[in-house]
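**Student:** Next come a sequence and a model predicted from it.
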Number of protein chains: 2
Amino acid sequence: MATFAGVPSTGTGGVQALVDRLRGGDVRALSRAVSLVENNSREAAAVLSACFPYTGNALRIGLTGAPGSGKSTLVDKLARLYRAEKETVGIVAVDPTSPYTGGAILGDRIRMQGHDGDPGLYIRSMATRGFLGGLASATADVASVLEASGKSRLLIETVGVGQDEVDIVRLADVTVVVLVPGLGDDVQSIKAGILEIADIFVVNKSDRDGADRVEREIRTMQSLGAHREGWVPPVIRTIANTGEGVAALVAAIDRCVTWLRQDNELEERRVRAWNQRLLEMIRQRLTLELVHRRLGGESLQGRARAVADRREDPYRLVERLTGELLQPETAAAGMQE
Amino acid sequence: MATFAGVPSTGTGGVQALVDRLRGGDVRALSRAVSLVENNSREAAAVLSACFPYTGNALRIGLTGAPGSGKSTLVDKLARLYRAEKETVGIVAVDPTSPYTGGAILGDRIRMQGHDGDPGLYIRSMATRGFLGGLASATADVASVLEASGKSRLLIETVGVGQDEVDIVRLADVTVVVLVPGLGDDVQSIKAGILEIADIFVVNKSDRDGADRVEREIRTMQSLGAHREGWVPPVIRTIANTGEGVAALVAAIDRCVTWLRQDNELEERRVRAWNQRLLEMIRQRLTLELVHRRLGGESLQGRARAVADRREDPYRLVERLTGELLQPETAAAGMQE
């Protein structure tokens, strides 16, 4: 049987047993299930399907900010506070920033050190490569596995500069945008569109000079942008290193959730998120099915060469190939084994 | 006829006329063609197909770096230097960073001010939303239109933190990674994987404290990472504001291209890039065709609600839907007009 990135394959019967074990608190089973999902193995859909009945209740909090904004420390402090409140916490970190290769896994170990043996906390860094179906969907899927293991708070942490990262937090229930003073004029990357996704702004490292200015800029943006009814994203000042302001952040998240539950907005967000995820899942499945099985990777490589050599017009080629792909009778031969 | 984002539709006959005009130096025609492509209008494929014969010769240079690294200024100075060498330059900026909405277009105007009336330079900022087929492919397509208008140097500028941005520069011939001293320990986001994409490192704002340290970190990474045969990415120090070091960067790019042409590596990179672009184009077409026409967006919305309400397992749903979608006889009814 095929193995993916070193994760041994598990039979379908094995999948249910694996999910039963992770439900029972087996951390190794949880890690294995997450790997199966992350590596998009054969069993990924079965794992997610078995996890699905145990999802839908946890709160998904997306936290995004520029590199250097202190997100990881903030997430760590937030997790501690939730643990003190007897919540269980799953962290998905989509930011394997590291000066050296292999940093993601090493980073997890370092981050876990302060939480030795706490079964109520699980941290997972995501690789950011090779997600056919979209990194955002893959992140949401990993969060679902953590939720199935019983976690009540899912903290999804991303570097918030690229579109991918924005897409990731759009799948969360509540989005926290972390800014920091003193990185210079254009460093904050307060983008057009950030107002749209931020439910709560955090000014971290707020003991630094310039915290007032950052807050003022946020307020200016808010006064220019469209208003959402009933919720003006608050600006919370924190010093993640000391934990200052983290309780205020938790309170702001609670208030936001209360607001979201009014008029069913939480439900509507989840419907929109599932719409996006379904679309991604369908795209991923179609791509795998049609392009990889019917067309064949090697064949596409040959066609890419013809295009690079100017022997073939790529735009006409794609018209022809997709036309062929949608005719299963004539093109399905490659699928039969 | 349908219009997209305010861009009026053009008949297929009109497309060839439009491309003829942009080939003749008509800047308005160029802007219009880029908009048609960027907005993924009906005529996008026809425009690209008409442009295709005039592409393949320009050098595509991807520049990526964290917000605040001074990329835009560097790209501006690079463009001036190339113009002084009688090269023509197209800039595609995928970083509409702006404190206020509408920043991208305004930003273009500001950036163009120093180049008033220079027909050999064209700057275009890309929106970063709503690219079904991938932002990277859309960027490469826009670059192709600029090339068809006769530009010999294409500078593709991105914020290099998200995966999207890395994907964009992977479609370029030469990749320049811009770093800057003094943004703090973890700000540089020197990721695992950056060695893989950087052909040239630039330490910009190199008159600041810490330039030595940044260079040392790059060297350490290089000593730990895998070596590519025949090319050790050089570290070029620049001060983009004054233009210092930009000539050295141009020389480094030239050396890199010379290296790339040996052993056909430039060709191989272009084949890999086309492979990726074809895959994206096929995915985009299939998604449009199958999901939007056959399945219908509204219907997907209803299914998303069923999933959010836990009435339906999304993973089984996707299996069923993709199965149906691949049976045109039974599902094609919605396509017939």
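**Tutor:** Perfect, thanks for sending it. Numbering: from 1, shown residues only, chains lettered A, B, ... in the order given.
**Student:** who touches the helix or strand hosting residue A:64?
**Tutor:** Following DSSP states H and E, one finds residue A:64 within strand A:59-65. Applying CB atoms under 8 Å, 6 or more residues apart in numbering or on different chains, the external contacts of strand A:59-65 come out as A:71, A:74-75, A:78, A:143, A:152-160, A:165-166, A:168-180, A:197, A:202, A:204, A:253, A:257. Quick note: C-beta positions are derived from backbone N, CA and C, even for glycine.
**Student:** The residues you listed in strands, which ones?
**Tutor:** The strands, defined by DSSP state E, take in A:153-159, A:174-179, A:202 from the contacts of strand A:59-65.
**Student:** any idea which of these is least confident?
**Tutor:** Taking those together, the minimum pLDDT is found at residue A:159 (70).
**Student:** Now residue A:246: phi and psi?
**Tutor:** Dihedral pair for residue A:246: phi -70, psi -40, per degrees, to the nearest 10.
**Student:** Roughly how far does it sit from residue B:72?
**Tutor:** Noted for residue A:246: a distance of 36 Å to residue B:72, by CB to CB, to the nearest Å.
**Student:** who has more neighbours, those two?
**Tutor:** Neighbour count, other CB atoms under 10 Å in any protein chain shown: between residue A:246 and residue B:72, residue A:246 has more, with 24 against 21.
**Student:** Skip the chain neighbours and tell me the closest residue to that one.
**Tutor:** Nearest non-adjacent residue to residue A:246, counting by CB to CB, 6 or more residues apart in numbering or on different chains: residue A:77, 4.6 Å away.
**Student:** now the strand holding residue A:64, how far from the centre of its chain.
**Tutor:** 9 Å (CA atoms, centre = their mean, to the nearest Å).
**Student:** could you check the angle strand A:174-179 makes with that strand?
**Tutor:** 20 degrees (axes from the mean of the first three to the mean of the last three CA atoms, to 10 degrees).
**Student:** what pairs with strand A:59-65, and is each one parallel or antiparallel?
**Tutor:** strand A:153-159 (parallel), strand A:174-179 (parallel) (DSSP bridges).
**Student:** Could you give me the buried positions within that strand?
**Tutor:** A:59-65 (16 or more other CB atoms under 10 Å in any protein chain shown).
**Student:** if we can go back for a sec, neighbour count and distance to residue B:218 for the ones in strands among the contacts of strand A:59-65 - can I get that in a markdown table?
**Tutor:** Below are these laid out as a markdown table (neighbours: other CB atoms under 10 Å in any protein chain shown; distance: CB to CB, whole Å):
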| residue | neighbour count | distance to residue B:218 |
| --- | --- | --- |
| A:153 | 25 | 38 |
| A:154 | 25 | 36 |
| A:155 | 27 | 32 |
| A:156 | 29 | 31 |
| A:157 | 30 | 26 |
| A:158 | 29 | 25 |
| A:159 | 27 | 20 |
| A:174 | 22 | 38 |
| A:175 | 26 | 34 |
| A:176 | 31 | 33 |
| A:177 | 26 | 30 |
| A:178 | 26 | 27 |
| A:179 | 27 | 28 |
| A:202 | 30 | 31 |
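**Student:** between those, which is closest to chain B?
**Tutor:** Closest approach to chain B among the ones in strands among the contacts of strand A:59-65 (CB to the nearest CB): residue A:159, at 5.2 Å.
**Student:** ok, what's across the strand from the closest one?
**Tutor:** Applying DSSP bridges to residue A:159 gives these bridge partners: residue A:65.
**Student:** ok, it touching residue A:66?
**Tutor:** Yes: Residue A:159 is in contact with residue A:66 according to CB atoms under 8 Å; the separation is 7.2 Å.
**Student:** any idea which helix or strand carries residue A:214?
**Tutor:** Following DSSP H and E, one finds residue A:214 within helix A:211-224.
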